[in-house]
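**Student:** Quick one: sequence and predicted model below, then my questions.
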Amino acid sequence: MSLMSKVTINAGFACSGYELKQLLSLMQEIKEVNLTGEKFELNDVVYYTSRHAERMFYVAIVEGKIIGYVYAVLEGAGYVCLYFLAVKKEYQGQGIGKLLVNKVIAQVPRWKAKYIYSLSTNQNMTDFISHLGFSEGEKLTYMKLKLTDKITATEASK
């Protein structure tokens, strides 16, 4: 029996408490960080997987174990952004990532989106997503300002 015949794709909001803990472990194993740049915690996983009209989170499960996930968000009129896509190393190269991305693609028409963007600083992700038919889009500059306790309200107002 092939691995693909054993894979189930479930919506994140349907995950049990045990599965959410598995998911957190996988996210930490893959060394993902959340949008604030901090390491994932259980409350982050609960947030991302919760049912929301403009978010999609799917998990790939084999024999009761979560082996991958994808997270996408409707960001504006006409486009969806694919933020997170990960598959455990031992399951990579077997079609799981493609299955997860295709699940997102299948759901996009309900939002009437014309594009799916993938944001990544990881070359492996860029190579993978290109293999699925994504092409280079507009160049973006991602900038951040880390606020520290050294900056006081008085200094900030100068």
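**Tutor:** Perfect, I can see it now.

**Student:** How about Tyr71: what's its closest non-neighbour residue?
**Tutor:** Phe84 (4.0 Å; Cβ to Cβ, 6 or more residues apart in numbering). All C-beta atoms are positioned from the backbone trio N, CA, C, and that covers glycine.

**Student:** Isn't that neighbour up against Val73?
**Tutor:** No. Using Cβ atoms under 8 Å, Phe84 is not in contact with Val73; the gap is 10.0 Å.

**Student:** Excluding chain neighbours, what is closest to Thr126?
**Tutor:** Nearest non-adjacent residue to Thr126, counting by Cβ to Cβ, 6+ apart: Ser120, 5.6 Å away.

**Student:** neighbours of the one you found, just the number please.
**Tutor:** Using other Cβ atoms under 10 Å, Ser120 is surrounded by 15 other residues.

**Student:** What of Ala53?
**Tutor:** What Ala53 shows, counting by other Cβ under 10 Å, is a neighbour count of 7.
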